[in-house]
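Student: starting from these lines, generate the structure:
(one chain, ligands or ions: 1)
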Amino acid sequence: MNVIDVDDVSKAYGDVQALDGLSLSVERGATLGVFGTNGAGKTTLFKLLTGLNKPDAGSVSVAGADPTDGTTVRERVRYLPEHAGFPPSLTGREILRFHARMRSVPREERSHHVERILHTVGLADAADRRVGGYSNGMNRRLGLGTALVGEPAVLILDEPTAGLDPDGIRAFHEVVESLAAETDVTIVFSSHALGEIQRLCSEAVIIADGQVATAGPVEELRRAAADEVTVSLSLGSETAANDATAELRDHEAVSTVSRSGADLRAQTAPTEAYDLLTAVGEAYAIDRFEVREPGLEAAFHEAVGGDSRDTDDVPTPATANSGGEPA
Ligand SMILES: Nc1ncnc2c1ncn2[C@@H]1O[C@H](COP(=O)(O)OP(=O)(O)OP(=O)(O)O)[C@@H](O)[C@H]1O
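Tutor: Here you go, the predicted structure:
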């Protein structure tokens, strides 16, 4: 059953067409990753899903109704904006209790409800500390905790890990993973990190220019783009890398190649990767190499027509299936 249906939605701000005929549906319990370049329209989409804005055209249905229709739907849909602030002198528990009261959680259930959320977001040990002393990551998890009060049907998280350090990101990921595994809440999660979407999400949508460039189960998107692997090589010098790049550009098994200093990357069929390494190794000294499976990065380039042949600015995929020093 779909919990979110967005049908041919458009939204403009003056001359800027932020969304341009975007359609999307999300099944109940899914974790949807929303990826897009800056200005692609993600926040605009989130505002429509949470009823903060109305589309100029098209329709939006969340949890069975138009999100701008009254508070009942909005109660079931929670939005965690990129920055949420809390009064620094209150404790995490006090803030969650306040939200539980505002959300009409029955008095006799409040303590238990708050306790459960504190555990879910990993703040049980810090529950009675003032939030003024919380780290950035703890604050973000408290924000997620407030969004969980009253057991919403849909959670909308706008770049929830932006600006967090690696420990903060890991702790946040663990919370999202446990929510996805243990509850039937539907999570919509935007991120600029494809690796993060790949790790956490069952579904992904790539938005470009206010439209869906591609969408589907993460595994399917990966498989669809999986006809190639990326061979990364570090050669002894920039000159060697330059020469090798020129040769690889003419190699019929290589579809794209890019270079940055003494490092180069080539895209090729999985069956060709090691022959290619051998060929380069016969002509040049290889310091390091790695063969990476395609991730969402490949799906992204395919969807938005990115060509990495002449650029050095390619995001790094999350998975690597082999690598090391050549023998
Ligand atoms: N209130 C506004 N007034 C005018 N233009 C706006 C407004 N809000 C967004 N836009 C424009 O609409 C387009 C889509 O913006 P939106 O914030 O939805 O993108 P985004 O994908 O969330 O971007 P980012 O990743 O940078 O946050 C952009 O061109 C943006 O400049």
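
Student: thought Gly143 was touching Arg78?
Tutor: No. Checked against C-beta atoms under 8 Å, the pair Gly143 and Arg78 is beyond contact range at 10.0 Å. Where C-beta positions appear, they are placed from N, C-alpha and C, glycine not excepted.

Student: which residues of the chain lie near the ligand?
Tutor: For the chain, the residues in contact with the ligand (C-beta under 6 Å from any ligand atom) are 13, 16, 18, 36, 38-44.

Student: repeat that for 8 Å
Tutor: 13-14, 16-19, 36-47, 82, 158-159, 190, 192, 207, 210 (C-beta under 8 Å from any ligand atom).

Student: what's around Arg288, how many residues?
Tutor: As a burial measure, Arg288 scores 13 neighbours (other C-beta atoms under 10 Å).

Student: beta partners for it?
Tutor: Ser234 (DSSP bridges).

Student: poorly predicted segments of the stretch 201-327 of the chain, please.
Tutor: 223-227, 293-295, 298, 302, 304-327 (pLDDT under 70).

Student: now the helices: where do they sit in it?
Tutor: 218-224, 238-249, 273-283, 296-304 (DSSP state H, counting those that start in this stretch).

Student: next, the angle from the third one to helix 238-249.
Tutor: Pointing back at helix 273-283 there. If you take axes from the mean of the first three to the mean of the last three C-alpha atoms, to 10 degrees, helix 273-283 sits at 140 degrees to helix 238-249.

Student: tell me which other helices or strands helix 273-283 touches.
Tutor: In terms of contacts (3 or more C-beta pairs under 8 Å, 6 or more residues apart in numbering; DSSP states H and E), helix 273-283 is packed against strand 229-235, helix 238-249, strand 286-292.

Student: can you tell me the residue of the stretch 51-200 of the chain closest to the ligand?
Tutor: His192 (6.7 Å; C-beta to the nearest ligand atom).

Student: how many residues are close by that residue?
Tutor: His192 has 15 neighbours, counted by other C-beta under 10 Å.

Student: what segments of the stretch 51-200 of the chain are strands?
Tutor: Here the stretch 51-200 of the chain has its strands, by DSSP state E, counting those that start in this stretch, at 57-62, 77-80, 154-157, 186-190.

Student: comparing those strands by mean pLDDT, which bottoms out?
Tutor: Of all the strands of the stretch 51-200 of the chain, mean pLDDT reaches its minimum on strand 77-80 (a mean of 87).

Student: how long is stretch 215-235 end to end?
Tutor: 37 Å (C-alpha to C-alpha, to the nearest Å).

Student: so which bits of it are buried?
Tutor: 215, 218, 221-222, 225-226, 228-233, 235 (16 or more other C-beta atoms under 10 Å).

Student: for stretch 259-275, same thing?
Tutor: So for stretch 259-275, counting by 16+ other C-beta under 10 Å, buried means 259, 262-268, 272-273.

Student: now the terminal residues of that stretch, how far apart.
Tutor: First-to-last residue span, stretch 259-275, C-alpha to C-alpha: 20 Å.

Student: what comes into contact with that stretch?
Tutor: 227-238, 240-242, 244-245, 248, 251, 253-258, 276, 287, 291, 308, 312, 314 (C-beta atoms under 8 Å, 6 or more residues apart in numbering).
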